[in-house]
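Engineer: A predicted structure for the sequence below; I have some questions about it.
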Amino acid sequence: MPPPRTGGRAEARRAAQGKGGGRAGKDGGKDAGRDGGKDAGRDGGRGSGRDGGKPEAAGGGGRAAARNSRKPKKNVKKIVAWSAAGVLVLIAGAGGAIYFKLNANIKSFDGDAIATDRPPEAQADADGNKPVNVLLIGSDSRGGNNSDLGGGSADGGARSDTTILLHVYADHKHAVGISIPRNAKVPIPPCKLPNGKWTKGSSSDLFNAAFSVGSSDGGNPACAQNTVEKLTGIRVDHTIVVDFNGFSAMTKAVNGVDICLPKAIYEGDVNPNLHRKGDLVLPQGKQTVQGQQALDYVRLRHGIGDGSDIGRMKRQQAFLSSLASKVKKDGLSPTNLLPLADAATKSLVVDPGLASADKLLSFGLSLKNIDMHDLKFVTAPWRYRTQDKDLDLVQPDANKLWETLKADQTIDGQNATGQQPDAADPSAPAASQSAAPSTPAVPAADAGNASIKVAVYNGTTDNGLAGKATAQLKAAKFAATTAGQAASTRYKTTMVEYGSGQKANAEKVAALFPGASVEAGNSAGVTLIVGKDFSAANGGGATGGASGAAASGTGTPAPPAPLPTTVTNEARSADDDICANTSYGSGG
């Protein structure tokens, strides 16, 4: 009889039966590790098919006995458990690797270069809702590999090709991006140079000169941020700079972005120094672009419209709208965001407060509830200067725009503060109001109120009133919803409007607001517009400014007068037709 074969299945069988033999002591562990998985995979199904149901010889044990015994089953459970643990470790390790990779990509600028004399931070409401202002800068630096994409030579220094102040409202359901013309004349505050010294500033210079202070390849994001804060009076929470490489990589990461052109673009349009028409670069009409073509589109000035920066900003707004729509459509999940984040972070420069992967991804995910119709883009009000080709910002229109953002008011007049009703007891304000009630108050427990839907608007400039009125209605069991700011802010008395068949319901609502008038309206259902009488009874009565903010208890400035049509008529929603409003002036 030849000696029993050592290792592999034979050795495992004898070990399971408590027998020794051969080189088990010396090589059992090694062979088991080497052959256990291999033989199990090779013979698991084969043994079951060949031996299933076949009795073993008496006292022989063998594979069937090993299969049916308790101990091997426990070993199998242990193996499965350790394998699962190993998979989890690998997943966690991969996640950690991704996190550290993204973190390693991100570069931040010097926080000490941010001015100390800054606008105040926006105050959060009782639920922690607060707006976020992000300065987005597209750098035209030719440093590194950027000269291959942007054209020209690595001449040192960088300018801001694109600057957009993105205001994300406190409700995180609305946002607006304000394009600031790069050749607008603005004051430049003192800024820190790469050598640590500070400039004296300038009373009037081109806006994009701020980013160029210090003439470094990376530009001066802190100086641009300081300039925007001085110009607008708005606290910039975060600043993000993307260069040519980063922009190109991001468009590839989302597999291209849809654009539309009113006319074909040729090499001579992209590079006027070519002095000839050249080959076709971008055809007329709708198309999907990425990489170099996408960069050519957003940087294009000549060959379309009047060749100005105004037209270019319109195309940049159209491009960002299309990009946001695509990312939103694909889903703001980590799976979709990670490739985009990896591409973007390789060429991002951010403020110190955003310089980590988790903060950057969290900010991206915080935008997931913004509807594309409620993502707007406008250009700061401007006019051409008579003495040169530069621009001036139009006043007081520009200041009205900044005040609108500070008040967390959308450009079409909605209150997007995210503000919730004040903590005061909402069930009893009618009894404490100074005006004499015209009708008895409706009992708070009226069960029939639950079927009455009420849209609540603020008809004054005092913040928080719509939320307070909504709370009062809900306490009386009405199905009330805060709708925001009314079209007019000059309501002296509260008004309840009703649609067809809703007069009785409107009167029940009016009973909670002494002195309120009841009138037929154009909308279906019931609409409540609170006026100055409700404001006065709730500690308000101011027309705006600090007193209006104090009345709401939020510290938020009261909404300014409505924006001029020169601003609102030019606004672009992210869901607008991509072929509309992509040029300025004559020439296509």
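Structural biologist: Perfect, thanks for sending it. Numbers count the residues shown, from 1 in each chain.

Engineer: where in the stretch 201-350 of the chain is pLDDT low?
Structural biologist: Low-confidence segments of the stretch 201-350 of the chain (pLDDT under 70): 332-334.

Engineer: low-confidence ranges in this protein?
Structural biologist: For the chain (pLDDT under 70), the answer is 1-99, 125-126, 141-159, 332-334, 419-447, 539-560, 587-588.

Engineer: Quick test: name the residue nearest the centre of it.
Structural biologist: Closest to where the C-alpha atoms of the chain average out (CA atoms, centre = their mean) is L367, at 3.2 Å.

Engineer: Would you confirm that that one contacts H174?
Structural biologist: No - L367 lies out of contact with H174 (CB atoms under 8 Å); the separation is 10.7 Å. Where you see a C-beta, it was placed from the backbone N, CA and C, and this is true even at glycine.

Engineer: Quick check: neighbours shared by the two?
Structural biologist: V168 (CB atoms under 8 Å, 6 or more residues apart in numbering).

Engineer: wait, what's in contact with S202?
Structural biologist: Counting by CB under 8 Å, 6+ apart, S202 touches P187, I188, A209.

Engineer: What sits closest to the first one if chain neighbours are left out?
Structural biologist: Nearest non-adjacent residue to P187, counting by CB to CB, 6 or more residues apart in numbering: S203, 5.4 Å away.

Engineer: who does the helix or strand where the one you found lies pair up with?
Structural biologist: Under the criterion of DSSP states H and E, S203 resides in strand 202-206. Note on strand 202-206: by DSSP bridges, its sheet partners are strand 185-188 (antiparallel).

Engineer: Please export the C-alpha coordinates of the partner strand as PDB.
Structural biologist: This file holds the C-alpha atoms of strand 185-188, laid out as PDB (Å, rounded to 0.1, in the frame of the first residue of the first chain):
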ATOM      1  CA  LYS A 185     -14.500  99.600 -12.700                       C
ATOM      2  CA  VAL A 186     -14.700  98.900  -9.000                       C
ATOM      3  CA  PRO A 187     -12.700  99.800  -5.800                       C
ATOM      4  CA  ILE A 188     -10.000  97.300  -4.900                       C
END
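
Engineer: Flag every buried residue along it.
Structural biologist: K185, V186, I188 (16 or more other CB atoms under 10 Å).

Engineer: Distance to L360 for the contacts of S202 - can I get that in TSV?
Structural biologist: Output for those, formatted as TSV (distance: CB to CB, whole Å):
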residue	distance to L360
P187	31
I188	29
A209	28
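
Engineer: Among those, which one lies nearest to G484?
Structural biologist: Using CB to CB, P187 comes nearest to G484 of those, at 34.4 Å.

Engineer: State whether the closest one and G201 are indeed in contact, as I suppose.
Structural biologist: Yes - here P187 reaches G201: they are 7.3 Å apart, a contact under CB under 8 Å.

Engineer: ok, now how distant is the nearest residue to D371 once chain neighbours are set aside from A580?
Structural biologist: Of all residues not flanking D371 in the chain, K173 sits nearest, at 6.8 Å (CB to CB, 6+ apart). According to CB to CB, to the nearest Å, K173 stands 24 Å off from A580.

Engineer: In terms of neighbours, single out the busier of the two.
Structural biologist: When K173 and A580 are compared for neighbours, K173 comes out ahead with 16 against 11, by other CB atoms under 10 Å.

Engineer: Tell me the secondary structure at that one.
Structural biologist: Put simply, K173 is coil when judged by DSSP: H, G, I helix; E, B strand; the rest coil.

Engineer: Okay, it and D408: tell me how far apart.
Structural biologist: Counting by CB to CB, the gap from K173 to D408 is 12 Å.

Engineer: What ranges does the stretch 51-200 of the chain have for its strands?
Structural biologist: 107-108, 132-139, 160-168, 175-179, 185-188 (DSSP state E, counting those that start in this stretch).

Engineer: if we can go back for a sec, which of the contacts of S202 sits closest to A561?
Structural biologist: Scanning the contacts of S202 for proximity to A561, where the rule is CB to CB, the winner is P187, at 24.6 Å.

Engineer: circling back: put together CSV for the buried residues of strand 185-188, with distance to A355 on each row.
Structural biologist: As requested, these are arranged in CSV below (distance: CB to CB, whole Å):
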residue, distance to A355
K185, 32
V186, 27
I188, 25
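
Engineer: Can you tell me the closest non-neighbouring residue to K101?
Structural biologist: Nearest residue to K101, sequence neighbours excluded (CB to CB, 6+ apart): D342, at 7.0 Å.

Engineer: Same question for K532.
Structural biologist: Nearest one to K532, counting by CB to CB, 6+ apart, is K492 at 5.0 Å.

Engineer: Wait, K200 touches C191, no?
Structural biologist: No - using CB under 8 Å as the test, K200 is too far from C191 to be in contact (9.5 Å).

Engineer: ok, the two, which is more surrounded?
Structural biologist: C191 (25 against 8).

Engineer: My read is that the more buried one contacts G201, right?
Structural biologist: Yes - counting by CB under 8 Å, C191 does reach G201; the two are 7.3 Å apart.

Engineer: ok, back up a step: spell out which helix or strand contains the residue nearest to the centre of the chain, please.
Structural biologist: Using DSSP H and E, L367 sits within no helix or strand.

Engineer: separation between it and P181?
Structural biologist: 25 Å.

Engineer: next one: H172
Structural biologist: In terms of CB to CB, H172 sits 28 Å off from P181.

Engineer: Among the two, which residue is more densely surrounded?
Structural biologist: A direct count of neighbours by other CB under 10 Å for H172 and P181 places P181 higher, at 23 against 18.

Engineer: just checking, that one touches P381?
Structural biologist: No - contact between P181 and P381 fails when scored by CB under 8 Å: they sit 10.1 Å apart.

Engineer: Common neighbours of these two, please.
Structural biologist: By CB under 8 Å, 6+ apart, no residue touches both P181 and P381.

Engineer: Which strand residues bridge V241?
Structural biologist: The partner residues for V241, given DSSP bridges, come to I137, V349.

Engineer: which ones are touching it?
Structural biologist: When contacts are counted by CB under 8 Å, 6+ apart, V241 touches F109, I137, G138, S139, G218, G219, P221, L348, V349, V350.
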